[in-house]
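Trainee: Prediction below, plus the sequence it came from.
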Amino acid sequence: MKVSVKHIRGLHFQGEGSTKVMTNMDASVTAGGTGRGTSPMELLLMTIAGCSGMDIVIILDKMQIKVQRFEASVEGERSSNHPRVFKDIEVVYKFWGESLPKDKLKRAVQLSMGKYCSVANMIDKAANLTYRIELNSIAL
C-alpha cells in the first residue's frame, strides 16, 4: 500500500491513494491554515469509523440484517502536551430500522472492533478506544 501527499500552499496538502481520489488536508484558520481540508487528526478519527463501518455493513449483510440507516460519530480527547496524541476515543454506532435484532448489531460491532478493523486495533494500542451502540436513538 502506498500513498502520496503533495503540498499545495500554506498548510494545505492533497493526499492520493491507489484510487486516485484526492483527499484535502489543512489546518483550521485558527491554527494557521485556510480550512480547505480536513485536519490529519480528524482524518484519523474518520478512518476508525470508516474502517469499522465497512466491516459492520459486510457482517450485517452476511447476517441478512437490513438497516434503514447507519451512521457513526467519533469523538477524541487529545493530550494537552505535545505531541498532543489522542488519549481517549469513543465511537458511537447509530442504527435505525424496524425490528432490528440488538444482539446481532452488538455482535457485528464487537467483531469489527475486536477482530477485523485494522485501524481500530492499531489505535487501541495507543489510546483508550471505546464504543457504544444506539438503536433508533436509544442506547443499547
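Mentor: Received the coordinates, thanks. Note that this is a predicted model, so its numbers are computed, not measured.
Trainee: For stretch 17-30, give me every contacting residue.
Mentor: Applying C-beta atoms under 8 Å, 6 or more residues apart in numbering, the contact partners of stretch 17-30 are 1-3, 5, 10-16, 33-40, 43. C-beta coordinates here come from the backbone N, C-alpha and C atoms, glycine included.
Trainee: what's the answer for stretch 89-101, then?
Mentor: 45, 48-49, 52, 56, 65-77, 105, 109, 113, 120, 123, 127-137.
Trainee: got it, and stretch 127-140?
Mentor: 48, 76, 85-97, 100, 102, 105-106, 109, 113, 120, 123.
Trainee: Next: stretch 111-123.
Mentor: Taking C-beta under 8 Å, 6+ apart as the rule, stretch 111-123 contacts 44, 47-48, 50-52, 55-56, 59, 86, 89, 91, 129, 131.
Trainee: out of those, what pair is the most spread apart?
Mentor: Greatest spatial distance among the contacts of stretch 111-123 (C-beta to C-beta): Ile59 and Phe86, at 25.6 Å.
Trainee: that older thread, buried subset of the contacts of stretch 17-30, written for PyMOL?
Mentor: Command for PyMOL that selects the buried part of those, burial taken from 16 or more other C-beta atoms under 10 Å:
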select buried, resi 11+12+13+14+15+33+36+37+39
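Trainee: what residues are up against Val67?
Mentor: Contacts of Val67 (C-beta under 8 Å, 6+ apart): 60, 95-97, 100.
Trainee: so what's the residue nearest to Phe70 when sequence neighbours are not counted bridging to?
Mentor: Closest residue to Phe70 apart from its sequence neighbours, by C-beta to C-beta, 6 or more residues apart in numbering: Phe95 at 5.6 Å. With DSSP bridges as the criterion, Phe95 is bridged to Phe70, Leu135.
Trainee: Roughly how far does Phe95 sit from Ala108?
Mentor: 9 Å (C-beta to C-beta, to the nearest Å).
Trainee: What is the neighbour count of Val91?
Mentor: Val91 has 24 neighbours, counted by other C-beta atoms under 10 Å.
Trainee: Please list the residues outside the helix ranked longest in the chain that contact it.
Mentor: Taking DSSP state H as the criterion, the chain has its longest helix at helix 40-62. Here helix 40-62 makes contact (C-beta under 8 Å, 6+ apart) with 23, 25, 38, 66-67, 70, 72-76, 78, 86, 89, 91, 93, 104-105, 107-109, 111-113, 116-120, 123, 129.
Trainee: That's all I had, so thanks and see you.
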